[in-house]
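Colleague: return a 3D structure for these sequence lines:
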Amino acid sequence: MTGSEDSPTFRLAYVPGVTPTKWVRIWNERLPDVPLTLIGVSAAEACDVLRAAGADAGFIRLPADRRDLSAIPLYTETTVVVIPKDHVVAAVDEVSAEDLADELVLHPLDDTLEWERPPGRPALERPATTADAIELVAAGVGLLVVPQSLARLHHRKDLTYRPLSDVPQSRVALSWPEEETTDLVEQFIGIVRGRTVNSTRGRPQAQAQPKSKRPEARGAQRKPAAGKSTGKSGGKSPRSGSGGAKGTKGGKTAHRGKPRRRP
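Modeller: Model prediction:
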């Protein structure tokens, strides 16, 4: 976390080819009071930026020097070969490293793949950047092997790409300094991992307020008031309309009509 405690901010670094839009949107929805600043960095300098506290966390490419850094691998990218649209390789759906044995394959200095030996024939000079290599491919000078997201990032109408098998692949990971796993870093880890807003990890959730106690439990029966009957019909006895015993009046037996005389 950076800034004062009253105005925290979160700085997120990301390397070319990574699109953090979805995670940034969720962050803004969940933590609208904590601004998130995006910092674009090259793949080569990403880890150094994190170590120098230039960002709180960042998306990096593996393999990388993860000394003093924590990292959560997120996904592995398909490796592709970038070619002119009229190249013979464009006629197939997928190629192998052996298929490029006779091709001039460019190997830029900012290459993110870990090669024992790059495929194809090496160029006399290595382009400084992937963007420079793309320009050379468009000019008909060699081919280029990159992670698929970089091929999309440097898309041109006159170029296309095909999946390449039997070659190294690049993994994208979320990384941050080991000693700086702050609450905000935990929040972002939760977002990237798909945790819900009610997850117990990350920012502590507000404690639920106890329900107010009612004077009487639901469904409990009230005690009858003194001198009142618990029967239905307003406290009257179910057998008489006056609340007394049937056939009585004022404590005496009530007689209906005149008594019959015996013959």
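
Colleague: okay, strands next: where are they in the protein?
Modeller: Here the chain has its strands, by DSSP state E, at 10-14, 36-40, 57-62, 69-76, 79-84, 95-96, 104-106, 121-122, 143-147, 159-165, 171-177, 248-249, 252-253.

Colleague: can you redo those strands as JSON lines with distance to residue 115?
Modeller: (Glycine included, C-beta is placed from N, CA and C.) Putting the strands of the chain into JSON lines (distance: least, Cβ to Cβ, whole Å) gives the following:
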{"stretch": "strand 10-14", "distance to residue 115": "24"}
{"stretch": "strand 36-40", "distance to residue 115": "25"}
{"stretch": "strand 57-62", "distance to residue 115": "14"}
{"stretch": "strand 69-76", "distance to residue 115": "16"}
{"stretch": "strand 79-84", "distance to residue 115": "11"}
{"stretch": "strand 95-96", "distance to residue 115": "15"}
{"stretch": "strand 104-106", "distance to residue 115": "10"}
{"stretch": "strand 121-122", "distance to residue 115": "11"}
{"stretch": "strand 143-147", "distance to residue 115": "9"}
{"stretch": "strand 159-165", "distance to residue 115": "12"}
{"stretch": "strand 171-177", "distance to residue 115": "15"}
{"stretch": "strand 248-249", "distance to residue 115": "111"}
{"stretch": "strand 252-253", "distance to residue 115": "117"}
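
Colleague: redo these as JSON lines? Include mean neighbour count.
Modeller: JSON lines is the format used below for the strands of the chain (neighbours: other Cβ atoms under 10 Å):
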{"stretch": "strand 10-14", "mean neighbour count": "22"}
{"stretch": "strand 36-40", "mean neighbour count": "14"}
{"stretch": "strand 57-62", "mean neighbour count": "24"}
{"stretch": "strand 69-76", "mean neighbour count": "14"}
{"stretch": "strand 79-84", "mean neighbour count": "23"}
{"stretch": "strand 95-96", "mean neighbour count": "18"}
{"stretch": "strand 104-106", "mean neighbour count": "20"}
{"stretch": "strand 121-122", "mean neighbour count": "13"}
{"stretch": "strand 143-147", "mean neighbour count": "25"}
{"stretch": "strand 159-165", "mean neighbour count": "18"}
{"stretch": "strand 171-177", "mean neighbour count": "21"}
{"stretch": "strand 248-249", "mean neighbour count": "12"}
{"stretch": "strand 252-253", "mean neighbour count": "8"}
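
Colleague: if I look at the residue nearest to residue 121 when sequence neighbours are not counted, how far off is residue 48?
Modeller: Nearest residue to residue 121 in three dimensions, chain neighbours excluded: residue 104, at 5.1 Å (Cβ to Cβ, 6 or more residues apart in numbering). Counting by Cβ to Cβ, to the nearest Å, the gap from residue 104 to residue 48 is 32 Å.

Colleague: same thing with residue 131?
Modeller: For residue 131 relative to residue 48 (Cβ to Cβ), the value is 21 Å.

Colleague: and these two? Which one has more around it.
Modeller: residue 131 (14 against 11; other Cβ atoms under 10 Å).

Colleague: the more buried one touches residue 155, doesn't it?
Modeller: No: using Cβ atoms under 8 Å, residue 131 is not in contact with residue 155; the gap is 11.9 Å.

Colleague: any regions of the protein where pLDDT drops low?
Modeller: Applying pLDDT under 70 to the chain picks out residues 1-7, 198-263.

Colleague: all helices for it, in order.
Modeller: For the chain, the helices defined by DSSP state H cover 21-30, 46-51, 130-138, 148-153, 183-192.

Colleague: show me what the second one is packed against.
Modeller: Same thing as helix 46-51. Applying 3 or more Cβ pairs under 8 Å, 6 or more residues apart in numbering; DSSP states H and E, we find helix 46-51 packed against strand 10-14, strand 57-62, strand 69-76, strand 171-177.
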